[in-house]
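> here you go, sequence then predicted model.
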Amino acid sequence: MRPSPTLLVALLTAACDDYVPFPGDTDTTTPSDAVAEALALTGDPTAGATAFDDTCAVCHDPAGVEKRAGPALDPLIDATTTDESLVRTILEGTGSMPRQNVTAQECADIVAWLHQEFDG
Ligand code: HEC
């Protein structure tokens, strides 16, 4: 049996219920939309290094080692870390890490840079 469209809409609405935009955020896309958008883009690691410095370095040392407010990312990130898990961490947050206000392209760029720096 196929689920009815009404049921699907109800489930999707329930899943998005806790979505709270950033103050002043005019972008009404939910994090799950943004995850799909970021995953569809090709990241540029050079731009990602800059975006990481601007957005993430306050809590994560860019060399991956030093412990700041957030954990050292090397060796936390390695070749087995998927793009999706990184995109979700950035756009949805995890545990005590708040979700980050970056564009889909910035997110893809940061993920490309994280792989370049910390895989292997
Ligand atoms: C306000 C501080 C803060 C900022 C800014 C921040 N993080 Fe985090 N990050 C954390 C904390 C704290 C954790 C640990 C979360 C937990 O496990 O409770 C974390 C965890 C992570 C993890 C590991 C997730 C896991 O599944 O173990 C990754 C990867 C990560 N951050 C990447 C990033 C990236 C990339 C950015 C920038 C786009 C960023 N963080 C910005 C604080 C921050």
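All right, it came through fine.
> kindly export the helix or strand hosting Glu37 (C-alpha atoms) in PDB.
According to DSSP states H and E, Glu37 maps onto helix 31-40. Taking Å, rounded to 0.1, in the frame of the first residue of the first chain, the C-alpha atoms of helix 31-40 are listed here in PDB:
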ATOM      1  CA  PRO A  31      18.100  22.500   7.400                       C
ATOM      2  CA  SER A  32      17.000  19.300   5.500                       C
ATOM      3  CA  ASP A  33      16.500  21.300   2.300                       C
ATOM      4  CA  ALA A  34      19.900  22.900   2.800                       C
ATOM      5  CA  VAL A  35      21.600  19.600   3.400                       C
ATOM      6  CA  ALA A  36      20.400  18.300   0.000                       C
ATOM      7  CA  GLU A  37      21.400  21.500  -1.600                       C
ATOM      8  CA  ALA A  38      24.900  21.500  -0.100                       C
ATOM      9  CA  LEU A  39      25.500  17.800  -1.000                       C
ATOM     10  CA  ALA A  40      24.600  18.600  -4.700                       C
END
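> and the next helix or strand past that helix?
Assignment by DSSP H and E places the next element after helix 31-40 at helix 45-55.
> got the contact list for whatever residue of the chain ends up closest to the ligand?
Going by C-beta to the nearest ligand atom, the ligand is nearest to Gly95 of the chain, at 2.1 Å. Bear in mind the C-beta positions are built from the backbone N, C-alpha and C, glycine included. Not one residue lies near Gly95 by C-beta atoms under 8 Å, 6 or more residues apart in numbering.
> tell me how far it lies from Ala69.
Distance of Gly95 to Ala69, computed by C-beta to C-beta, to the nearest Å: 12 Å.
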